[in-house]
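Visitor: What shape does this take:
(2 chains)
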Amino acid sequence: MNRTAESHSSSKAPSQTFGEDTVVYRLARDLSDLPEDLVLRNVEWGVLLAITGEHTAVQIGNAFGLDERARREVFLCLEQHDLVEERPLSFGEYLRAQATIGGQQPRSLSSFLQAGVTMPHSAPKREAPESAASEVVPDIRETAEWQTPTRDQLGLPGEGLTRPVQTRTEQAKVTFTPLHVPTSEPARRLSLKVLMRHILDRAPDVNSGQLDVYRVFIRVDTKLLKRNGIDTLRFEDDRLVEDPELQQAITRSLQRTLGLSMPSDVFV
Amino acid sequence: MRSVMNERYAFDRQFKLFKGITFDYFAKLVPEETPAMDEPYLVFGRPEVLDYTSLVEIDGECRGCLYLTSPVPMLEDLLAINGEPDVSRRTLLDMCRELSNVLSGNASQAFGGHWEISVPKTLDAHDVEHLNLPDSTFVMPLRWREQRALLVVGLTPNNDSTSRSRLLGDAA
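Guide: All right, here's what the predicted structure looks like:
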C-alpha cells in the first residue's frame, strides 16, 4: 500500500472503483464542514478543491499533471478521509466519461462503445480491509437497480468481449439505431466561364453579350459575390462557384433577366 | 419577351454609340494617337475611381450612371493639348468639367428618347467617396498616351426598390 493509504489506513475504506479513470467524484461533505485537524498534501488539497462532480478522475489528474499512480494515491486519500464519494453516472454520462480517457489509438465507434459498457475479467478488484468491510461503498453497478443489457440491445458484436458492465434498468432500454450516413455526393461547382460563354453566344454581338452578362449580375447580391471572393469578373475568367446560395442567386437572375434556365453543362 | 429583348438591345445600341463617340473625342484630339480599349470587366462592391471623375445620371429603362474617371497625368496631357500650361487643382477640375460636358452631350446624343440625363457632375476623389454608386459596374478601360482612364456604366434595375434611392449623395 502506498504512503498516503498507509497514513490513513484507519479512515474509511475506499470504494471498489477508487481512482478508476472514468470515475466521477463529488464532494462527500461541504468544504465549510471540514474537520479542523484535517491535514492533506498540497496536491490533495488542490484536487479536493477542483472536484465539482462533473469531471472524471483522469481529467482532474491530468489538470494537475499526475500520473496514474499519483492520481490513485490522491483519490484514495480523499476517499479514506470521507471527503469525496463516487457519483453514480447515468448510462450516457458513463459513455461520455469513457471518452475522457486519453487513449492515443484511434478506434471505431463500436470499439468505443464496447469499452464504455464492458470491463475486462482481469480488472483488478481492490480488496477493502476486513475491519472496514461493512463500510465499503457499494459499487453502483452491482446494485439491484442495475441490469446487464443484452448484446442485441447495445448493437454490439457477439464475440471477443468480456464481462459487460451493468447499467440502470431504465437506461438499458436505450437502443442503438444504425447511424445515418448521408451519401456523399461531391458539391456541384458552377463554372462562370461556361455560363458567360452561353450568354455571349446567344447575343447578337460581343458588346450586347457582355452587357447581358452584366445585367445578370446586377441582380446578384454583391455581398454574396464578395463572400465567395468575387470582387471583379473578367469575361475570360474561369471562376468556379461552389456556394449553393450564390449558384441559386445567379440561376434566379439568369431566369429573370434573360429568361434562361441554367444550362446543365455549366456544372462541373 | 420580344419587347423586353428589343428594349435591351436598344439600350445596347445606344450604349455602343455612347462609347464610340466618347472614344472619338480622344481620337480627334490627336489623330495619330488613337485610344485603345482594353477588355471590359465587371466590378462588384465599391466601383473603381481614379483622380478625377466626370459623371452623369441616367434614368429610363433602368437607372444608374455613366462616368469617366481619369488619372492626373491624362488630364495634364489634355490641358497641354488645349494650350493650358498651368497645372493646378483648379485647372484639373476645369479639364474634368470639360470632359463632363462631353460625356453629358454624348449621353444625350446616344440615349435621348425616353431617357433622362442629369446635369453632369465633376468630382475629385474625395467627392466620389460620398457618392452612393451602384454596387455592380461594367468597366471599360481606355488607354491613351500610355495613360489609363475608365469609362464605367453602373446600373440598377428600375423594378428594384433599392434603385429608387437617389444615386448621388450630399456631396453632389
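
Visitor: low pLDDT regions in chain B?
Guide: Residues of chain B meeting the criterion pLDDT under 70: B:1-8, B:157-172.

Visitor: quick one: the helices in it?
Guide: B:2-29, B:72-81, B:89-110, B:125-129 (DSSP state H).

Visitor: just checking, what packs against the last one?
Guide: Same thing as helix B:125-129. Applying 3 or more Cβ pairs under 8 Å, 6 or more residues apart in numbering or on different chains; DSSP states H and E, one finds that helix B:125-129 contacts strand B:52-59. Every C-beta, even on glycine, is put in place using the N, C-alpha and C of the backbone.

Visitor: ok and the strand it packs on relative to helix B:72-81, angle-wise?
Guide: Angle, strand B:52-59 to helix B:72-81, by axes from the mean of the first three to the mean of the last three Cα atoms, to 10 degrees: 90 degrees.

Visitor: if we can go back for a sec, okay, the helices of chain B in CSV with mean neighbour count and distance to A:A63 next?
Guide: Shown next, in CSV, are the helices of chain B (neighbours: other Cβ atoms under 10 Å in any protein chain shown; distance: least, Cβ to Cβ, whole Å):
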stretch, mean neighbour count, distance to A:A63
helix B:2-29, 16, 69
helix B:72-81, 17, 65
helix B:89-110, 18, 68
helix B:125-129, 15, 54
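
Visitor: got the ones you listed as CSV, with distance to A:E54 columns?
Guide: Conversion of these to CSV gives the following (distance: least, Cβ to Cβ, whole Å):
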stretch, distance to A:E54
helix B:2-29, 66
helix B:72-81, 68
helix B:89-110, 70
helix B:125-129, 55
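
Visitor: right, and these - which one's nearest A:M262?
Guide: Minimum separation from A:M262 across the helices of chain B (Cβ to Cβ) falls at helix B:2-29, 19.1 Å.

Visitor: Show me the shaky parts of the stretch 51-200 of chain A.
Guide: Residues of the stretch 51-200 of chain A that meet the criterion pLDDT under 70 lie in A:97, A:99-186.

Visitor: Which single residue of it approaches chain B most closely?
Guide: Nearest to chain B, among the residues of the stretch 51-200 of chain A, is A:M196, at 9.9 Å (Cβ to the nearest Cβ).

Visitor: Can you point out the helix or strand that includes the closest residue to that residue other than its chain neighbours?
Guide: Nearest residue to A:M196, sequence neighbours excluded (Cβ to Cβ, 6 or more residues apart in numbering or on different chains): A:V213, at 5.2 Å. Using DSSP states H and E, A:V213 sits in helix A:206-218.

Visitor: My read is that B:P134 contacts B:L155, right?
Guide: Yes - the criterion here is Cβ atoms under 8 Å, and B:P134 meets it with B:L155 at 6.2 Å.

Visitor: Need the overlap of contacts for these two.
Guide: Common neighbours of B:P134 and B:L155, using Cβ atoms under 8 Å, 6 or more residues apart in numbering or on different chains, are A:218, B:64.

Visitor: Not counting the lengthiest helix in chain A itself, show me its contacts.
Guide: Using DSSP H to define each element, chain A has its longest helix at helix A:244-258. Contacting residues not belonging to helix A:244-258 are listed as A:187-188, A:190, A:195, A:199, A:212, A:215-221, A:224-225, A:227-228, A:241, A:260-262 [Cβ under 8 Å, 6+ apart].

Visitor: cutoff 10 Å now
Guide: A:187-190, A:192, A:195, A:198-199, A:202-203, A:212-221, A:224-225, A:227-228, A:230, A:241, A:243, A:260-263, A:266-267, B:1, B:4-5, B:8, B:157, B:159 (Cβ atoms under 10 Å, 6 or more residues apart in numbering or on different chains).

Visitor: Of these, just the buried ones, ChimeraX syntax please.
Guide: Selecting only the buried entries of the contacts of helix A:244-258 in ChimeraX, with 16 or more other Cβ atoms under 10 Å in any protein chain shown as the criterion:
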select /A:190,192,195,198,199,203,212,213,214,215,216,217,218,219,220,224,225,228,230,241,243,260,262,266,267 /B:8,157
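
Visitor: Kindly check the end-to-end length of stretch A:76-92 for me.
Guide: Length of stretch A:76-92, first residue to last, Cα to Cα, to the nearest Å: 26 Å.

Visitor: Please identify the buried residues of it?
Guide: Result for stretch A:76-92 [16+ other Cβ under 10 Å]: buried residues A:76-81, A:83-86, A:89, A:91.

Visitor: Does the residue positioned nearest the centre of chain B have any beta-bridge partners, and if so which?
Guide: Central residue of chain B (Cα atoms, centre = their mean): B:Y67, 1.9 Å from the mean position. Beta bridges link B:Y67 to B:L55, B:V152, judged by DSSP bridges.

Visitor: residue contacts, it?
Guide: B:47, B:49, B:53-57, B:99-100, B:103, B:120-121, B:123, B:128, B:131, B:133, B:137, B:150-154.

Visitor: What of A:R215?
Guide: Under the criterion of Cβ under 10 Å, 6+ apart, the neighbours of A:R215 are A:199, A:208, A:253-254, A:256-258, B:8, B:11-12, B:62, B:136, B:138, B:155, B:157.

Visitor: Closest to B:E76 out of those?
Guide: For the contacts of A:R215, the nearest to B:E76 is B:F138 (27.5 Å; Cβ to Cβ).

Visitor: count of residues packed around the closest one?
Guide: By other Cβ atoms under 10 Å in any protein chain shown, the residues close to B:F138 number 24.

Visitor: just B:D51 next, same as before
Guide: For B:D51, using other Cβ under 10 Å, the count is 17.

Visitor: how near is the residue lying closest to it once chain neighbours are set aside to B:L50?
Guide: Closest residue to B:D51 apart from its sequence neighbours, by Cβ to Cβ, 6+ apart: B:V72 at 4.8 Å. B:V72 sits 8 Å away from B:L50 when distances are taken as Cβ to Cβ, to the nearest Å.
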